[in-house]
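Enquirer: Pasted the sequence and its predicted model underneath.
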Amino acid sequence: MSENDNMPYEQSDLYRIRHSAAHVMAEAVREHFPEAKLAIGPPIADGFYYDFDLGQDENGKPRTFSPEDLEKIEITMKKLLKKNAKFEQSSKTIAEAREFFADAPYKLELIEELAAGKVDENGNPISEPVTEVGIYQHRNFVDLCRGPHVGFTKQVKANAVKILRSSGAYWRGDENRAQLQRIYGTAWHNKAELDTHLKLLGEAKARDHRRLGKQLGLFHISQLVGSGLPLWLPKGAILREELESFLRQAQVERGYLPVITPHIGKLDLYKTSGHYPYYKDSQYTPIDVDDEQFLLKPMNCPHHIEIYRSQPRSYRDLPLRLAEFGTVYRYEQSGELNGLTRVRGFTVDDSHLFVAPEQLEEEFIGVVSLIQHVFQTMGFSDFRARLGTNDPNSDKYAGAPEMWAKGIAAIRKAADKAGMSYTVEEGEAAFYGPKLDFIFRDVLKREWQLGTVQVDFLLPERFDLAYTAVDGQKHRPVMIHRAPFGSMERFVGILIEHFNGAFPLWLSPVQVVMIPITDRHVAYANKVATELRAAGVRVEVDASNERMNKKIRNAQLQKVPYMLVVGDKEEESGAVAVRTRENEDRGAIPLAEFLAGATDLIASKAVEL
RNA sequence: GCCGACGUAGCUCAAUUGGCAGAGCAAUGCUCUUGUAAAGCAUAGGUUAUGGGUUCAAGUCCCAUCGUCGGCUCCA
């Protein structure tokens, strides 16, 4: 790529190319749908989109793009790019713009917001009212736009552009407003880059955790059980239990205490905590029993708080770190469900730390270091932290401004002390407090929010939590909510895609497959398997009536780390012929030697075989 | 929830303008006894997501419901 990696995207050639591609695509749409009203069409990561309002069909329903329409639009778009035209920049006063865009209601709305000094075309707040707006024109296509663009349409190579899909999208991202028709496209410097990108999309599809989950027998979603309620198959359950026991061990070492709480609780519990109003729209309907209402728990915190309150607490009890792999239920909208990464019932590797105010910083740093330990063990090196703060203009957040300020300051101080750099994003907080999220970039450069740490002054107040301090007086503790994995479902989904199903040895559901060459070697294979199992290795014996080659192929497709081929030679010498899923043939080695090596790698949670 | 596409055997997919539902893999049985990514033969497997409708005739056309996928909104 010709761009300097440090250059902001907004100043790059690709940004101009994509922005210009969006304009020419809109020009093409206007050729097929002259009545289409234009909304916005910005560049995005890897491409661009443009939103259109196509009016209504004869039945009064909003018109939409058919797949055939998209094909036509792409052909026209390429023709228009090649036809070449200059992008000319100019500006109009607000009054001129109002008049010029009189028939473009969405553009008018943008102009009014700019004139009022509210937000720019991307919805970002602007500091002061705008008096002149930018205009870009090529041929007869004129758009309200601050650019930048390429000089000529030909600079967007027709063979480096592709229309990808269309979908509905709400105007201004607001589901209460009109739903527009969005067309997504992608554009690159040249055809080779486009092909590379399309290949990457294909790769991402091939390692989709839903596809691999089926192939590798990890999980199953049954229509009869319900959407978004995954069933963990034996191999998936092994993987999950390995992760859980790893974290349990790390928590024991750090003084966490286990607790177990039920899956439902009285509605009043969540009214007290404040979860009910905030999560109302995404909760299962309350269960009515004997004039009482119960809720499937949407969060574990209130239950853990009741454990804190089960007895009087002293400063000597603090910090109290209660941990549970707690399953919660949220009624996500049907269109939001996605394999394991977006479900309706999921298990949080949850913990709530009840700390004295003066312990907050140290405990927070301890949690950050635990999360770093978890990521490091997984072999995740590419991640960043994000400080999510409240949006003062939103009513989504509870509690007094001082509490928020205190929480944010505490996180900043702790993060700085821990040497953790982070970005700040307003409106990314939990309703009860600010949080530090850990965002992981997988091998395909996709970002996923995993671990989270949240500081909470609100719930201790709501539940009137207290402890007796050295001074003999009641003091209020502070809570830290945290989850290094986030949710077991999402984490495993991401793990599947990151490793493409070839998990590190310690996580592999089957670590070794025994491959006897003929029937007469099955007994020896079983003997070896018994020995390996006794040492804690997960082994399967492939005693099927198949050729060795087929057994290797099957094990390979299941991404089993080690295949141990045994025939006459191995049986005579007490050896195993080691083959790895990386197609590496290590030849015959003594069983004891293989076992020692494998158990070492398992114990050290090595990523490499 | 909204917009669009889709739903055929356990899996991956065929089935001409509406005209006898099919293949490969997997499964099961038999034969072969095999040295580093697919042995051969045979058998079984379906109310074409569900419910209505149009038609002499529906996998195919129409309506509704459920589900999946891609987005939007939302989110661990």
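Expert: Thanks, I have it.
Enquirer: In the stretch 501-609 of chain A, what residue spans correspond to strands?
Expert: A:512-516, A:539-541, A:562-566, A:575-580, A:585-590 (DSSP state E, counting those that start in this stretch).
Enquirer: Which among those is found nearest to A:Gln556?
Expert: With Cβ to Cβ as the measure, strand A:562-566 is the member of the strands of the stretch 501-609 of chain A nearest A:Gln556 (7.6 Å). Where you see a C-beta, it was placed from the backbone N, CA and C, and this is true even at glycine.
Enquirer: ok, back up a step: just the strands of the stretch 501-609 of chain A: most buried one?
Expert: strand A:512-516 (a mean of 26; mean count of other Cβ atoms under 10 Å).
Enquirer: Got the domain ranges for chain A?
Expert: A:9-202, A:214-261+A:300-499, A:512-604 (automatic domain parsing).
Enquirer: Read off the pLDDT value for A:Arg146.
Expert: Each residue has a pLDDT score; the one for A:Arg146 is 86.
Enquirer: again, but for A:Phe380
Expert: Reported pLDDT for A:Phe380: 90.
Enquirer: Report how many residues lie close to the closest residue in space to it that isn't next to it in sequence.
Expert: Nearest residue to A:Phe380, sequence neighbours excluded (Cβ to Cβ, 6 or more residues apart in numbering): A:Phe440, at 5.4 Å. By other Cβ atoms under 10 Å, the residues close to A:Phe440 number 21.
Enquirer: In terms of helices and strands, where is A:Phe440?
Expert: strand A:435-441 (DSSP states H and E).
Enquirer: Over to A:Ile496?
Expert: Assigned by DSSP H and E, A:Ile496 falls in helix A:488-498.
Enquirer: ok, now A:Glu324?
Expert: strand A:320-329.
Enquirer: quick one, that strand and helix A:488-498 angle?
Expert: Counting by axes from the mean of the first three to the mean of the last three Cα atoms, to 10 degrees, strand A:320-329 lies at 80 degrees to helix A:488-498.
Enquirer: Can you pull out the residues in contact with strand A:320-329?
Expert: A:244, A:248, A:251, A:254-261, A:263, A:283-284, A:296-300, A:303-304, A:307-308, A:313, A:344-355, A:488 (Cβ atoms under 8 Å, 6 or more residues apart in numbering).
Enquirer: Let's see that with 6 Å instead.
Expert: Defining contact as Cβ atoms under 6 Å, 6 or more residues apart in numbering, one finds that strand A:320-329 is touched by A:244, A:251, A:255-259, A:284, A:296-300, A:304, A:345, A:347-354.
Enquirer: Spatially nearest residue to A:Val443, not counting backbone neighbours?
Expert: A:His498 (5.8 Å).
Enquirer: One more: A:Leu353?
Expert: A:Ile480 (4.1 Å).
Enquirer: Distance-wise, check the one you found relative to RNA strand B.
Expert: As judged by Cβ to the nearest atom of the strand, to the nearest Å, A:Ile480 and RNA strand B stand 15 Å apart.
Enquirer: which phi and psi does that residue have?
Expert: phi -120, psi 120 (degrees, to the nearest 10).
Enquirer: ok, is the helix holding A:Ile496 in contact with RNA strand B or not?
Expert: Yes: counting by Cβ under 7 Å from any atom of the strand, RNA strand B is contacted by helix A:488-498 at A:Glu489, A:Arg490.
Enquirer: distance between that helix and the chain's centre?
Expert: The chain centroid and the centroid of helix A:488-498 are separated by 9 Å under Cα atoms, centre = their mean, to the nearest Å.
Enquirer: just stretch A:12-25 next, same as before
Expert: That offset, for stretch A:12-25, works out to 27 Å (Cα atoms, centre = their mean).
Enquirer: could you give the angle of the helix holding A:Ile496 to strand A:435-441?
Expert: Going by the same axes, to 10 degrees, helix A:488-498 makes 30 degrees with strand A:435-441.
Enquirer: contact partners of helix A:488-498?
Expert: Against helix A:488-498 from outside (Cβ under 6 Å, 6+ apart): A:207, A:209, A:212, A:240, A:339-341, A:343, A:346-347, A:442-443, A:448, A:485.
Enquirer: quick one: contacts for whichever residue of the stretch 351-500 of chain A sits closest to RNA strand B?
Expert: For the stretch 351-500 of chain A and RNA strand B, the shortest gap (Cβ to the nearest atom of the strand) falls at A:Gly486, measuring 2.7 Å. Taking Cβ under 6 Å, 6+ apart, we find A:Gly486 in contact with A:Leu450.
Enquirer: That one: which element?
Expert: Going by DSSP H and E, A:Gly486 is not in any helix or strand.
Enquirer: Then A:Glu112?
Expert: helix A:105-115.
Enquirer: next SSE after that helix?
Expert: Taking DSSP H and E, what comes next after helix A:105-115 is strand A:132-138.
Enquirer: And that next one, what's buried?
Expert: Under the neighbour-count criterion of 16 or more other Cβ atoms under 10 Å, strand A:132-138 has A:Val133, A:Gly134, A:Ile135, A:Tyr136, A:Gln137, A:His138 buried.
Enquirer: so what pLDDT did the last one get?
Expert: Think A:His138. On pLDDT, A:His138 comes in at 93.
Enquirer: Test of understanding: give the bridge partners of it.
Expert: A:Phe141 (DSSP bridges).
Enquirer: And the second one, by the same measure?
Expert: A:Gly134 has the following beta-bridge partners by DSSP bridges: A:Ser91.
Enquirer: the helices in the stretch 301-450 of chain A, which residues?
Expert: A:301-308, A:360-378, A:401-417 (DSSP state H, counting those that start in this stretch).
Enquirer: do the stretch 1-150 of chain A as well
Expert: A:13-32, A:67-83, A:94-100, A:105-115.
Enquirer: partner residues bridging the single nearest residue of the stretch 51-200 of chain A relative to RNA strand B?
Expert: Relative to RNA strand B, the nearest point of the stretch 51-200 of chain A is A:Gly168 (2.8 Å; Cβ to the nearest atom of the strand). On the basis of DSSP bridges, A:Gly168 is bridged to A:Gln181.
Enquirer: I figured it was touching A:Gln179, is that so?
Expert: Yes: counting by Cβ atoms under 6 Å, A:Gly168 touches A:Gln179, with 4.7 Å between them.
Enquirer: The two: which is more packed in?
Expert: Between A:Gly168 and A:Gln179, counting by other Cβ under 10 Å, A:Gln179 is the more crowded of the two (15 against 11).
Enquirer: Many thanks, have a good one.
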